[in-house]
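# What follows is a predicted protein model with its sequence.
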Amino acid sequence: MSSDPVIISHGVSKNYWLGEREQYRALRDVMAGAFRRSAGQQRQELWALKDVSFEVNEGEVLGIIGRNGAGKSTLLKILSRITTPSEGEVRMRGRVGSLLEVGSGFHPELTGTENVYMNGAILGMSKAEIKSKLEDIVAFAEMEKFVSTPVKHYSVGMFMRLAFAVAAHLDSEILVIDEVLAVGDARFQARCLAKMGEVARSGRSVLFVSHNLEATQALCDRGILLEGGQLLLDGPTDEVIDRYRRLSGVTTKSGDAVALDDLEREGGRSARFVAIEIGAGSPESDERSAASTGSVRTGCELLLDITVEAKKPIEVASFGLTFGTEGGLMLLNLDWGDSGNILKLEAGVNRLSVVVPHLRLAPGRYRLGLRLSNPVTTRIGSGAIDMLDPALVLQVDPPADSLTNVQSASIHSAHDCDQVVVHQGVGSVVEGSMTVQLNQPPV
């Protein structure tokens with residue numbers, strides 16, 4: 001691997017004017033634009049990228065991570081020379097092969113073979129080079145039976161296989177790939193990862209964008225995190241992914257705090273969830289602190305410190321906590337109101353201390369939802385005061401030991417010290433229970 005970078009991005013920025021089309025304008029267009037400005041219509045400037053600087057060395061696999069709208073695709077288009085930066089510069093050494101959109105450069109009326117030649121030419125391959133690699137490209141895409149068929153009859157997966165095969169077999173020094181794993185079955189995704197690993201081992205550089213964090217972690221040596229068009233972090237892939245998960249509301253360790261104010265929600269007028277802090281402990285310990293250390297594990301005691309702001313004093317019939325799969329299947333629903341309890345929120349800041357004594361969830365990631373409503377309900381709408389689903393995605397790690405016993409628990413009211421026995425919440429798979437304590441901070 002050479003120490004000389006093959007890509008240098010220095011202060012790269014890209015801005016767009018919202019509502020403006022890039023086109024040739026006639027005299028009438030200029031006059032119409034002047035009239036719109038005189039009528040008080042203002043153009044809005046959007047910076048898709050702002051002062052992004054980094055380097056990529058030869059043979060390095062760089063993962064580019066960020067939420068939707070963070071600027072990932074804009075950066076790849078600049079690196080692929082599809083568009084130019086508004087400010088800054090990019091210096092690149094070597095030929096670039098790009099796969100940014102499914103089927104870009106493919107003509108629906110042409111056959112698979114004809115599109116391989118045309119797409120290869122667009123990527124900079126000579127006719128002789130394409131001819132020498134045609135069999136390998138078709139075999140990799142597993143398209144032998146369909147190469148003589150017009151691609152308009154292909155499925156999206158077939159399109160993707162052929163497009164990736166062409167780009168992957170280009171003898172480029174730099175390979176730029178955007179969400180190639182978003183389409184295709186597990187077998188094809190494994191072939192893509194293996195091919196990209198092969199490309200990297202041959203000394204070529206790969207820039208890889210994907211929301212598949214496991215694939216990014218397995219493939220990439222290093223990562224950069226974009227947020228709002230700016231470079232937030234550049235470092236080892238594990239650190240970048242961990243920062244991204246925290247930014248996206250995915251918690252991995254107890255002690256994590258997640259702001260909830262900006263999340264999409266149902267309701268949120270008279271009272272709203274504003275923050276949640278995660279803690280974990282042993283179910284056999286009397287110590288309960290959201291600042292406890294260690295991972296959230298199967299069988300552990302899950303501690304939640306939830307902040308709720310109310311505009312005025314309000315009585316809430318339902319304070320609910322739900323756990324579900326990332327696909328949206330509800331596994332467990334727990335509710336303070338199941339026993340007829342009323343949650344009395346004061347005007348201003350309220351803090352709810354919630355304990356799930358034994359977390360009966362297998363290792364993995366789960367949607368955690370929060371609900372305030374009148375009356376008791378599990379559905380969006382129907383009396384919602386504030387509902388977040390998900391409020392965050394909780395990472396549950398394997399158990400540290402063989403904690404498998406699940407005991408019954410109760411809900412503890414802060415208004416008195418009585419223990420009120422309630423039936424356990426039941427979801428489609430999991431049973432469980434929780435305790436709740438309402439704490440108003442001192443005035």
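Yes, it's here. Numbers count the residues shown, from 1 in each chain.

# and Glu198, backbone torsions?
Dihedral angles of Glu198 (phi, psi; degrees, to the nearest 10) stand at phi -60, psi -40.

# count of neighbours near it?
The local packing of Glu198 (other C-beta atoms under 10 Å) involves 11 other residues. In short, each C-beta sits where N, CA and C put it, glycine included.

# gap between it and His169?
Per C-beta to C-beta, to the nearest Å, Glu198 is found 11 Å from His169.

# go on, Lys145?
Applying C-beta to C-beta, the value for Lys145 to His169 is 20 Å.

# neighbour-wise, which of these two wins?
The residue with more neighbours, out of Lys145 and His169, is His169; 24 against 9, by other C-beta under 10 Å.

# From Asn57, how far off is the more buried one?
Distance, His169 to Asn57, using C-beta to C-beta: 23 Å.

# Ok, Glu239 next?
The gap separating Glu239 from Asn57 is 18 Å, by C-beta to C-beta.

# end-to-end on stretch 46-66?
End-to-end span of stretch 46-66 (C-alpha to C-alpha, to the nearest Å): 18 Å.

# Now it: average pLDDT?
Here stretch 46-66 scores 92 as its mean pLDDT.

# Mind listing what's buried along that stretch?
Neighbour counts over stretch 46-66 (16 or more other C-beta atoms under 10 Å) mark 47-50, 52, 54, 56-66 as buried.

# which residues of the stretch 1-150 of the chain fall in helices?
Under the criterion DSSP state H, counting those that start in this stretch, the stretch 1-150 of the chain contains helices at 27-38, 72-79, 112-122, 127-141.

# wait, which of those is closest to Glu301?
Closest of the helices of the stretch 1-150 of the chain to Glu301 is helix 72-79, at 38.5 Å (criterion: C-beta to C-beta).

# tell me what that closest one is packed against?
Secondary-structure packing of helix 72-79 (3 or more C-beta pairs under 8 Å, 6 or more residues apart in numbering; DSSP states H and E): strand 5-18, strand 44-57, strand 61-66, strand 87-92, strand 174-178, strand 205-209.

# What's the separation between Gly228 and Asp261?
Here Gly228 is placed at a distance of 16 Å from Asp261 (C-beta to C-beta).

# what's the answer for Val6, then?
Going from Val6 to Asp261 by C-beta to C-beta gives 42 Å.

# Neighbour count: the two, which is higher?
Between Val6 and Asp261, counting by other C-beta under 10 Å, Val6 is the more crowded of the two (20 against 12).

# so the more buried one makes contact with Val90?
No - applying C-beta atoms under 8 Å as the test, Val6 and Val90 come out as separate, 11.3 Å apart.

# Tell me where the stretch 251-400 of the chain has strands.
Per DSSP state E, counting those that start in this stretch, the stretch 251-400 of the chain carries strands over the ranges 257-259, 266-267, 271-281, 301-310, 314-316, 318-325, 330-335, 343-345, 348-356, 364-373, 384-396.

# Partner strands of the first one and their direction?
In other words, strand 257-259. Strand 257-259 pairs in its sheet with strand 271-281 (antiparallel), by DSSP bridges.

# what do you get for the second one?
In its sheet, strand 266-267 lies beside strand 384-396 (antiparallel), with partners assigned from DSSP bridges.

# can you give me the angle the partner strand makes with strand 330-335?
Interaxial angle of strand 384-396 relative to strand 330-335 (axes from the mean of the first three to the mean of the last three C-alpha atoms, to 10 degrees): 130 degrees.

# Okay, angle between strand 384-396 and strand 318-325 too, please.
Strand 384-396 and strand 318-325 are oriented at 40 degrees to each other (the same axes, to 10 degrees).

# Measure how strand 384-396 sits relative to strand 301-310, angle-wise.
Between the axes of strand 384-396 and strand 301-310, defined by the same axes, to 10 degrees, the angle is 150 degrees.

# now Glu87: how far from Leu226?
When distance is defined by C-beta to C-beta, Glu87 is 16 Å away from Leu226.

# These two: who's more crowded?
Between Glu87 and Leu226, Leu226 has the larger neighbour count (other C-beta under 10 Å), namely 24 against 13.

# With the flanking residues excluded, which residue is spatially nearest to Pro363?
Among residues not flanking Pro363 along the chain, Pro398 sits closest, at 4.6 Å (C-beta to C-beta, 6 or more residues apart in numbering).

# Correction: the previous question concerned Glu326.
In space, Glu326 is closest to Arg365, 5.6 Å off (C-beta to C-beta, 6+ apart).

# circling back to that earlier point, what's the local residue count around the residue nearest to Pro363?
Neighbour count for Pro398, taken as other C-beta under 10 Å: 11.

# Same question for Val166.
Val166 has 28 neighbouring residues, counting by other C-beta under 10 Å.

# Helix, strand, or coil at it?
Three-state call for Val166 (DSSP: H, G, I helix; E, B strand; the rest coil): helix.

# and it, what does it touch?
By C-beta atoms under 8 Å, 6 or more residues apart in numbering, the contact list for Val166 reads 116, 119-120, 123, 137.

# Same question for Ala200.
By C-beta under 8 Å, 6+ apart, the contact list for Ala200 reads 59-61, 206, 219.

# please redo it, this time with the cut-off set to 6 Å
For Ala200, the contact set (C-beta atoms under 6 Å, 6 or more residues apart in numbering) comprises 61, 206.
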